[in-house]
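J.: Sharing a model that was predicted from the sequence below.
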Amino acid sequence: MKVAVAGTGYVGLVTGVALAHIGHNVTCVDVDEQKIKKMQCGISPIYEQDLEKLMHENQERLIYTTDYKNAYKNADVIIIGVGTPERKDGSANLDYVYTVCNQIAESLQQDCVVVVKSTVPIGTNDEIEQLLRDNSAKGINIYVASNPEFLAQGTAVHDTLYASRIVVGVEDKRAEEIMHTLYKPLTLEPYNVPYLSTSRRSAEMIKYASNDFLALKISYINEIANLCKKLGANIEEVAKGMGLDPRIGNKFLKAGIGYGGSCFPKDTKALHWLSTCNGTELLTIKACIEVNKKQKLVLLNELINDLHCLEGKTIAVLGLTFKPGTDDLRDAPSIDNISLLLDMGAKVKAYDPIGIENFKNHVHFKLSNDGVKGTIDYYESIDETITDADAVLIMTEWPEIVNYEIGNYKKLMKEPRVYDGRNCYPLENTKEIIYSSIGR
Ligand SMILES: NC(=O)c1ccc[n+]([C@@H]2O[C@H](COP(=O)([O-])OP(=O)(O)OC[C@H]3O[C@@H](n4cnc5c(N)ncnc54)[C@H](O)[C@@H]3O)[C@@H](O)[C@H]2O)c1
């Protein structure tokens, strides 16, 4: 099939490459010329395991372009995978999605299924279908399918090819048939992905309800962890004991410094906003959002309690990205922590194996009332980062950090004081250092 994908971010590019891999001819469209140039040279603009390899393997079925008109005009299927960031009030900003819809309407010359993969509020697909039908050339049949994405950054390629499920929300038979043809290879060996057909509104809700449930699970275990620490229980033993119950399951029960990333923070806020607007406020999600906000700073507060004044203190921050395996920094706990450290006049030494360039380019700290007082410097090795530091804050469980020789904290720091937001080290290995972690 001829497929066009709008947006070459984590969702769009991975989807496009995966569809090329199963035999479709895919044109990936983006407004960002730099990204397109990179991809035309075979370079992935984002870091995802195996992505570049698959781009190379399937290059004869992949085109990268900013020319949306040519890409959309004869496509059988157009997949929308642009961002839906949060607005100030928490609602989803659909500007990028609607821009693409207008571009599609302006370009289409044949019947087409427009697939909405971006996470959008319930009812958006109905509006998009109306908009496309109202604004496209007469005589063209346009169907809209909701096809939410469930990939996780860091394992996006694997999650797409071996997905937990493909959810397709459609309102008519023709769209259903085309969507089935599009995804058929993934439902067969070796992928065997379950395919679920639903109404469009249910598909839209499945995405939000799934993401918010996972965020809720994380906030729940984080609160239990904080209580464990007060009461002398160990969250790892507790989570293991809970996870053995198949009704609970052992995934997303790892306590830590809070969730971040491009999805959980905005999707919890968007669903909460939607529920409030519809007079059925989701109180569980409201609590989940508040818990996460507090959790991000739980160890920094401990550090402040322990050292009192951080002005002029050297604080090493290990890990900047919101999780390992990605260069994405959106809503990463490191940002809130570093921002406060700078406000308090600390000298921050930051380390990340992948995320430093993104951090330098995209994270800008607001000046506090009397101006940012601290400083931040970046390092490529953990040894350099922790040398002469007064304390270490661990924000991301990169393997480089998890496998780091604990003895070096004692050797290289002024005082071996480690606040571990990801429970990287077994407690029994930390006896020689001053060590604080989550829920243990
Ligand atoms: N990132 C994830 O892990 C993930 C997982 C599931 C669902 N989602 C959802 O998928 C959507 C996309 O997320 P993402 O993380 O891939 O976004 P992203 O920010 O990484 O990528 C969006 C891309 O769209 C491009 N774009 C903007 N306007 C465009 C236009 N008019 N035409 C073509 N391209 C355009 C941008 O330049 C950018 O490259 C969001 O709704 C998100 O909630 C994301």
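T.: Noted; the coordinates are in hand. Numbers count the residues shown, from 1 in each chain.

J.: Can you list the helices and strands that the least confident helix or strand in the chain by mean pLDDT packs against?
T.: Lowest by mean pLDDT, DSSP states H and E among the helices and strands of the chain is helix 356-362, with a mean of 92. The contact analysis (3 or more CB pairs under 8 Å, 6 or more residues apart in numbering; DSSP states H and E) places helix 356-362 against strand 375-379. All C-beta spots, glycine's among them, are computed from the backbone N, C-alpha and C.

J.: Go again with 10 Å.
T.: Helices and strands touching helix 356-362, by 3 or more CB pairs under 10 Å, 6 or more residues apart in numbering; DSSP states H and E, are helix 333-343, strand 347-351, strand 375-379.

J.: how about the ones you listed in JSON lines, adding mean neighbour count, distance to V144 and mean pLDDT?
T.: Output for those, formatted as JSON lines (neighbours: other CB atoms under 10 Å; distance: least, CB to CB, whole Å; pLDDT from 0 to 100):
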{"stretch": "helix 333-343", "mean neighbour count": "22", "distance to V144": "36", "mean pLDDT": "96"}
{"stretch": "strand 347-351", "mean neighbour count": "23", "distance to V144": "44", "mean pLDDT": "98"}
{"stretch": "strand 375-379", "mean neighbour count": "15", "distance to V144": "45", "mean pLDDT": "96"}
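
J.: Tell me which of those lies nearest to the ligand.
T.: helix 333-343 (16.6 Å; CB to the nearest ligand atom).

J.: returning to what we had before: can I get the helices and strands packed on helix 356-362 in TSV with distance to A316?
T.: What follows is those, written out as TSV (distance: least, CB to CB, whole Å):
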stretch	distance to A316
helix 333-343	10
strand 347-351	5
strand 375-379	8
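
J.: Mind putting the ones you listed into CSV with distance to the ligand?
T.: Converted to CSV, those look like this (distance: least, CB to the nearest ligand atom, whole Å):
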stretch, distance to the ligand
helix 333-343, 17
strand 347-351, 23
strand 375-379, 23
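
J.: Run through the neighbouring helices and strands of whatever helix or strand V11 lives in.
T.: Here V11 sits within helix 10-21, counting by DSSP states H and E. Here helix 10-21 touches strand 2-6, strand 25-29, helix 33-40, helix 51-57, strand 62-65, strand 77-80, helix 156-161, helix 173-187, going by 3+ CB pairs under 10 Å, 6+ apart.

J.: which one of the ones you listed is the most hemmed in?
T.: Most buried of the helices and strands packed on helix 10-21 by mean neighbour count (mean count of other CB atoms under 10 Å) is strand 77-80; its value is a mean of 27.

J.: now it, how far from the chain's geometric center?
T.: Taking CA atoms, centre = their mean, to the nearest Å, one finds the center of strand 77-80 at 21 Å from the center of the full chain.

J.: tell me the mean pLDDT for it?
T.: The average pLDDT within strand 77-80 is 98.

J.: how deep is C101 tucked in, by neighbour count?
T.: When neighbours are counted by other CB atoms under 10 Å, C101 registers 24.

J.: I'd assumed E127 was in contact with it.
T.: Yes. Look at C101 against E127 with CB atoms under 10 Å: they come within range, at 9.1 Å.

J.: could you dump the helices and strands packed on helix 10-21 to JSON lines with distance to the ligand?
T.: Output for the helices and strands packed on helix 10-21, formatted as JSON lines (distance: least, CB to the nearest ligand atom, whole Å):
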{"stretch": "strand 2-6", "distance to the ligand": "4"}
{"stretch": "strand 25-29", "distance to the ligand": "5"}
{"stretch": "helix 33-40", "distance to the ligand": "6"}
{"stretch": "helix 51-57", "distance to the ligand": "12"}
{"stretch": "strand 62-65", "distance to the ligand": "10"}
{"stretch": "strand 77-80", "distance to the ligand": "9"}
{"stretch": "helix 156-161", "distance to the ligand": "7"}
{"stretch": "helix 173-187", "distance to the ligand": "16"}
